[in-house]
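please find the sequence and the predicted model below.
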Amino acid sequence: MKMMGKYLTYWPLFLLFLLIAFGAAYAYLRYTNPKYEATASLIIKDEKKGNEDSKLMESINLISSKKIIENEIEVLQSRPILNNVVKKLHLYAPIYQEGKIKPLSAYLQAPVTIEAVHPDSLVETDTKINFNYDASDHTILLNNQLKVAMNEWIQTPYGTLKFTPNNKYVATDDAKQFYFIILEPKNAAEIILNNLKVTATNKLSSIVNLKYRDDKPELAENILNELIASYNHAAIAEKNSLAKNTLSFIEDRLNIVGADLDTIEQKIQQYKAGNRAVDIGTQGQLFLQNVSLNDQKLSEVNMQISVINQLEKQVLENNNGAGILPSTLGVGDPTLSELMNSLNTAELERERLKKTVAENNPLLVSISDQINKIKPTLLDYIKNQRQSLQSSKANLYATNNSYNNILHTIPVKERQLLEISRDQNIKSGIYSFLLQKREESELAYAATISDSRVVNYAQSSNTPVSPNRMLVAAAAILAALGIPISVIGAKEALNPTILYRQEIETLTSIPIIGEVAFNKSGKPLVVEAGKRSFIAEEFRKIRFSLLYLGIGPNTKKLLITSSISGEGKSFVAANLAISYSLTGKRVVLVDLDLHNSSLGKIFNPEPQPGVSDYLTGDKHEMAIINSIPTIENLYFISSGSSKEDPSVLLENGRVQRLIAYLDSHFDMVIIDTAPVVLVTDAHVLSACCNATLYVVRHKYTPKMLLKRFDENNEINPLTNPAIIFNGVKTRGYIKNNYGHGYGYVYGDKYISAKKRKQQYAV
C-alpha cells in the first residue's frame with residue numbers, strides 16, 4: 001500500500017505508458033509472423049546407455065561402432081549436414097510474396113521452386129528478383145524482362161538456375177507479386193541453425209529430440225525430416241568408407257598369397273611330372289601328418305607376425321585416420337584386439353568431431369590426447385607380442401630341424417615332395433582365411449544399417465508457438481509499470497534535495513513537529529483573521545505541537561532558523577506569529593537576521609529603527625517596537641539600519657537584555673535569525689530562547705546540509721530543536737494531496753454553506 005500510494009499520484013503517466021505499451025504489443029502481435037514448431041526424435045546407439053543390436057544385426061554390421069549421444073547432438077547441428085539440407089530443399093533461393101507490411105514466405109504459395117547447378121558457387125544478393133508465372137504456357141518472366149521456360153537451365157548473374165514445378169504448391173485467389181533472393185548455402189545453413197534446437201531427452205536416455213521453428217509448418221517438418229535423412233546418410237557413408245578400406249587391404253593380401261599358392265602348385269606339378277613321384281610311402285605319410293601339424297602352427301605364427309607387422313605399420317603411418325579392426329584379421333590375442341578397437345574408435349570420433357568443432361575444442365583435444373596415450377601402449381604391446389611370436393617361431397623351427405633329420409632317412413624324391421606339399425598347405429590355409437574375411441567385409445559393406453533409428457518423424461504444431469500473446473501482454477504491463485517507476489525512482493534518487501519526510505527522519509534525529517504546504521498564492525502572509533485555509537490550519541497544528549516542546553506561558557521565546565537562505569524561515573516566522581496573535585496573545589516578531597533581512601519587506605517596507613540600532617546603543621527598547629495596524633496583538637521589531645558587523649553586535653551582550661525585556665512584556669516572542677550553516681548567529685541566540693525551529697524546504701534544502709547540521713548539532717547543539725517541513729509540493733498529478741500522498745484535503749468544499757458565511761479566528 002505504501003508503494004502504491006507513492007506512485008498513485010502519477011497515474012496519468014502510468015495510463016499514458018499503459019496505452020503506449022498495449023499499442024506496441026498489439027502492433028507486434030498484429031504484424032509479427034506467427035511461428036510454428038515441428039518436433040522429431042531419434043534413438044542413438046549410445047555405448048554407455050544400452051540400446052544394443054540383435055545378434056543377427058551384429059553379425060551383419062561387423063564394422064559399426066557405438067555412438068556417444070553428446071557427440072551426435074553436435075553432429076546433427078554440424079554445418080556439412082545443414083548445408084546438405086539447404087541443397088536438398090533448395091533453401092539457398094527462398095521465394096517470398098509481397099505483403100501489406102512486410103514480405104511473407106511463399107513456400108507453399110509459389111508455383112515454382114528454384115534449383116542451382118552448383119549451389120556453392122552462387123553469388124549472394126539481397127536484391128529482390130521479381131518474377132511472374134504464366135500458367136498458360138508454363139513460363140517465368142524475370143524482372144519483367146527475361147522470359148524463361150520451365151525445367152531449363154539459364155545463366156544469371158547469380159549462377160546457373162532452373163525453375164521447376166513446386167509439388168507443394170497450393171493455389172490461392174490472392175495474386176501477389178513473387179520474388180526471390182539468393183543466399184550462400186553456408187548463410188542459409190546458419191539461419192537453420194539459429195532456429196534449430198537439438199537436446200537429449202534426459203541423462204539416462206539415448207533419445208534425441210529435434211525442434212525447429214518457422215513461419216511455415218510444412219517447411220519446418222521438411223527441414224527436420226531432411227536433417228534426419230542427411231544425418232543417417234553421413235553415418236552410413238562413414239561406415240562404408242571404413243569397410244572399403246578394409247576390403248582394399250584384404251584384396252592386396254589375397255593377391256600376394258594367391259600368387260605364392262599358384263607358384264607352389266606349379267612346382268608340385270612340375271616335380272611330379274619330372275620325377276614320377278605319384279605316391280609316397282607309409283612312413284612318409286605318417287611323417288607328413290606330423291610335419292603338417294607343425295607347419296600349420298608355424299603358418300599361424302607367421303600369419304600373426306605378418307598381421308602384427310601390418311598393424312604396426314598402419315599405426316605408425318595412420319594415413320586415413322581409421323585403421324582396420326584386428327578382430328576381422330584373426331588376431332587371437334584379446335588384449336591386442338581391445339587396444340586396436342579403442343584406437344579405431346578414438347580415431348573415428350576425432351574425424352567426426354573435426355567436421356563440427358574447431359581444432360582447439362576441449363573435446364577434440366581430449367580425444368587427441370587419448371589417441372596419443374593409446375598408440376605408445378599399442379606399439380609396446382605389438383613389440384612384446386612380436387617377440388613372443390618370434391620365440392614360438394624359433395621353437396617350431398627347432399622342431400622342424402628335428403624332422404629334417406628324419407627326412408634323411410626318407411628317399412630324396414619323397415622328401416622334396418613333402419617339402420613342397422608343406423608349403424602348399426601353409427599358403428592354402430592363409431588364402432582360405434583371407435577369403436572368409438573378405439566375405440565378412442563385403443557383407444558389412446553391403447549392409448545399409450544405420451546407427452540411429454527414427455522414433456518420431458517431424459510433426460508441426462497446429463497452433464503457433466510464437467509470439468506468445470500472454471507473454472507479450474505481460475511484458476507490456478511490466479513495461480507500462482516498470483518504465484515510469486524506473487524514471488520516477490531514478491529522478492528522485494538522483495535529486496540532491498529533500499523530497500520526503502522520511503529522508504529528514506533518516507538524516508537527523510531532530511523531531512518534525514509540522515509540515516507547511518507550498519504557498520501557491522505567492523503572498524507572504526497566508527494566515528488571516530476570519531479566513532480559513534489549509535496552510536492556516538497547518539500553522540495551527542504547529543502551535544499545538546510547540547506545547548510538546550515546552551512552549552507555554554513561562555517558556556515563550558521561540559527562535560526560527562534554517563540551513564540556507566530561501567527555505568522560508570521568515571515566511572514561517574511571520575505566519576506563526578500571526579497565528580499566535582489571532583488567539584489573543586500579545587506577540588512580538590523580532591527580525592534578528594541582520595545579514596539579509598526579509599521580514600521588514602513584509603510588514604514595513606519603510607526603513608525604521610530596529611535591533612541593530614538598539615545593539616549599537618542608539619535606541620532603547622520601546623523606540624524599536626512597532627505595532628502592526630492591520631493585525632491586532634502583533635508587534636514587530638525590524639533589523640534596523642546600522643551597518644556594523646552583525647556578528648560583533650550580537651556579542652556585546654545587549655541582545656540578551658533585549659530578549660529578556662521582550663520576555664517580560666509579551667506573551668510570545670518569535671525571533672527570525674540568519675541561516676545556521678552560513679553564520680553563527682543562531683547558536684548565539686538559541687541560548688537565550690526556549691526552543692528552536694529549524695526550517696527545511698521541500699525540493700530546496702540539500703540533503704548534505706541537513707546531514708551536516710545534524711552532525712554539528714551534536715557538538716554545538718541548539719536549544720530544544722525541532723524541524724518544520726516547509727513548501728511541501730504536490731507530488732505527481734493529483735492536486736489534492738502533497739508529498740507522499742499522505743496529506744488530506746482541507747478546503748471550502750468540505751464546509752457547509754452556512755459555515756462558510758461565518759468568520760472565525762484561527
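It's in.

can you tell me which helix in this structure is longest?
helix 217-275 (DSSP state H).

that one packs against which elements?
Identification of packing neighbours for helix 217-275 by 3 or more C-beta pairs under 8 Å, 6 or more residues apart in numbering; DSSP states H and E yields strand 36-44, helix 69-76, helix 79-89, strand 207-214, helix 334-354, helix 412-446, strand 452-460. For the C-beta atoms, the positions are set from N, CA and C on the backbone; glycine is no exception.

could you dump these into JSON lines with distance to residue 584 added?
Supplementary listing: the helices and strands packed on helix 217-275 in JSON lines, determined by distance: least, C-beta to C-beta, whole Å:
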{"stretch": "strand 36-44", "distance to residue 584": "84"}
{"stretch": "helix 69-76", "distance to residue 584": "92"}
{"stretch": "helix 79-89", "distance to residue 584": "95"}
{"stretch": "strand 207-214", "distance to residue 584": "84"}
{"stretch": "helix 334-354", "distance to residue 584": "99"}
{"stretch": "helix 412-446", "distance to residue 584": "119"}
{"stretch": "strand 452-460", "distance to residue 584": "89"}
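
can you say which of those is nearest to residue 298?
helix 412-446 (7.3 Å; C-beta to C-beta).

roughly how far does residue 730 sit from residue 667?
Look at residue 730 and residue 667: by C-beta to C-beta, to the nearest Å, they are 36 Å apart.

for residue 684, same thing?
Distance of residue 684 to residue 667, given as C-beta to C-beta: 24 Å.

does residue 608 touch residue 638 like I think?
Yes - Residue 608 lies in contact with residue 638 (C-beta atoms under 8 Å); the separation is 5.7 Å.

ok, these two, which is more surrounded?
It is residue 638, of residue 608 and residue 638, that has more neighbours when counted by other C-beta atoms under 10 Å, with 24 against 17.

now do the helices in the stretch 501-650 of the chain.
Using DSSP state H, counting those that start in this stretch, the helices of the stretch 501-650 of the chain run over residues 501-507, 534-547, 569-581, 599-603, 611-615, 621-624, 646-649.

and the stretch 101-250 of the chain, by the same measure?
Using DSSP H, counting those that start in this stretch, helices in the stretch 101-250 of the chain cover 185-195, 217-275.

I'd like those written out as JSON lines, with mean neighbour count added.
Converted to JSON lines, these look like this (neighbours: other C-beta atoms under 10 Å):
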{"stretch": "helix 185-195", "mean neighbour count": "17"}
{"stretch": "helix 217-275", "mean neighbour count": "17"}
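
and of the ones you listed, who's closest to residue 85?
Using C-beta to C-beta, the helices of the stretch 101-250 of the chain put helix 217-275 closest to residue 85, at 4.8 Å.

now do the closest one and strand 452-460, the angle between them.
Between helix 217-275 and strand 452-460, the angle comes out at 160 degrees (axes from the mean of the first three to the mean of the last three C-alpha atoms, to 10 degrees).

got a list of what the residue most central in space within the chain touches?
The centroid of the chain falls nearest to residue 194 when counting by C-alpha atoms, centre = their mean (14.7 Å). For residue 194, no contacting residues are found, by C-beta atoms under 8 Å, 6 or more residues apart in numbering.

surely residue 25 meets residue 474?
No - using C-beta under 8 Å, residue 25 is not in contact with residue 474, being 9.5 Å away.

can you list the domains in the protein?
Domain ranges of the chain: 93-182, 237-455, 515-521+528-731, per automatic domain parsing.

go through those and pick out the most buried.
When you average the neighbours per residue for each of the domains of the chain (mean count of other C-beta atoms under 10 Å), domain 515-521+528-731 leads with a mean of 19.

for that one, measure first residue to last.
For domain 515-521+528-731, the first-to-last residue distance is 15 Å (C-alpha to C-alpha, to the nearest Å).
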